[in-house]
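S.K.: Pasting the sequence and the predicted coordinates here, then a few questions.
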Amino acid sequence: MKHYTPVILAILLAHFFIYAEEEQKTEEPKPLSEQYEKFMLKPLPKDDSAEKQKTEQPEAQVEKPAETAAPEPEKTAVPEKKKKNYVAIAVMGNVTVPTGEADATWAVHGKLHYIFPFWNPHLSFGAEAGYYTLKGKGSNIDPQAGLYDYSWKIDTVPLFIGLALDYPMLSPILFFTAEAGFAMVFAWSEGSSFGGNSSAEDIAYGWYAGVGADARFGVFGGITFEARYTGMLLDFEYPAFNEKPGDLGGISFLLGYKIIF
């Protein structure tokens, strides 16, 4: 029996090595790339610590943005319309130098004009009126009575109806003005000749034209000046005097205050 024990051990060892060699031949090793890919794609164990910590911590309060009022739409600047004026009023003093034999005289003069809306404020239409007195004296030769003296006085109320144009020279302060139209004068005369007195009434018709300038100071009005010529004759049944004493025309210089509104 002692002689068989080492033999049996030798057979068992030989059998084990033969079996191991055959097993190694049947299982071929996998390539290295495939093993690396398998390792990288292997899912890692889920780490619940971060999620657990998140649940344990209180939720941070998120500040809501302050509600801001919606911006108002920008208002486009609308150009302000210039206010139109429709009435012009003037009160003036008047110095008239007649073209006839009457002496220079002073007068008062008023003006009221309506300013048209279609060419505002440049064109206007209106009426003017005044009062002045013409005086004169002279001498004449009568074929029968010879040389005699005479004197006369004519009280007049002129009425002017026409158009007026003004144009800015240095706006809004200095303006050029021009006027023209129809003239009518109501006259009452008193005269003396041959030692006697006489009186008469008449109406003279004619025309007028003038140019001037205004210095305006906004709502406070302004100063107006005009140089005007008027042409008209009276007939007081004195044919020899019609061309001289009866001539109510002449050059007038008007200066006064004017307001437009």
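M.R.: The structure has been received and is ready for your questions. Numbering: from 1, shown residues only.

S.K.: Where does the prediction get shaky in the stretch 51-200 of the chain?
M.R.: 51-81, 142, 145-146, 148, 193-196 (pLDDT under 70).

S.K.: Enumerate every residue touching G222.
M.R.: Neighbouring residues of G222 by CB atoms under 8 Å, 6 or more residues apart in numbering: 214-216, 257-259. Just so you know, the C-beta spots here come from the backbone N, C-alpha and C atoms, and that holds for glycine as well.

S.K.: Report the two of those residues separated the most.
M.R.: Distance extremes for the contacts of G222: the farthest pair is A215 and I259 at 12.5 Å, using CB to CB.

S.K.: neighbour count winner among these two?
M.R.: Neighbour totals were compared for A215 and I259, and I259 leads with 17 against 14 (other CB atoms under 10 Å).

S.K.: Excluding chain neighbours, what is closest to that one?
M.R.: Once flanking residues are discounted, I259 sits nearest to G221: 3.5 Å by CB to CB, 6 or more residues apart in numbering.

S.K.: partners of the longest strand seen in the chain, with directions?
M.R.: Secondary structure of the chain read by DSSP state E shows that its longest strand is strand 146-170. Strand pairing for strand 146-170, determined by DSSP bridges: strand 123-142 (antiparallel), strand 174-193 (antiparallel).

S.K.: Redo the ones you listed as a markdown table? Include mean neighbour count and distance to A88.
M.R.: What follows is these, written out as a markdown table (neighbours: other CB atoms under 10 Å; distance: least, CB to CB, whole Å):
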| stretch | mean neighbour count | distance to A88 |
| --- | --- | --- |
| strand 123-142 | 16 | 6 |
| strand 174-193 | 17 | 10 |
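
S.K.: Quick one, which of those strands gets closest to L234.
M.R.: strand 174-193 (5.6 Å).

S.K.: sorry, back to before: which one among the contacts of G222 gets closest to G93?
M.R.: Relative to G93, the closest of those is Y257; by CB to CB it sits at 10.0 Å.

S.K.: Now do the same contact list for that closest one.
M.R.: Contact analysis of Y257 by CB under 8 Å, 6+ apart lists 90-92, 221-224.

S.K.: So which of those residues are in helices?
M.R.: Applying DSSP state H to the contacts of Y257, no entry is found in helices.

S.K.: one step back: just give me the neighbour total for the residue nearest to I259.
M.R.: Using other CB under 10 Å, the number of residues around G221 comes to 18.

S.K.: Ramachandran angles for it?
M.R.: phi 80, psi -160 (degrees, to the nearest 10).

S.K.: correct me, but V97 touches W106?
M.R.: No. Between V97 and W106 there is no contact under CB atoms under 8 Å: 10.8 Å.

S.K.: about what we covered before: any of the contacts of Y257 buried? List them.
M.R.: Neighbour counting by 16 or more other CB atoms under 10 Å classes 90, 92, 221-222, 224 among the contacts of Y257 as buried.

S.K.: between the contacts of Y257, which is nearest S252?
M.R.: Nearest member of the contacts of Y257 to S252, counting by CB to CB, is M92, at 9.7 Å.

S.K.: check contacts around the nearest residue in space to that closest one that is not next to it in sequence.
M.R.: Nearest residue to M92 in three dimensions, chain neighbours excluded: G256, at 2.9 Å (CB to CB, 6+ apart). Shown in contact with G256 (CB under 8 Å, 6+ apart): 90-93, 109, 223-224.
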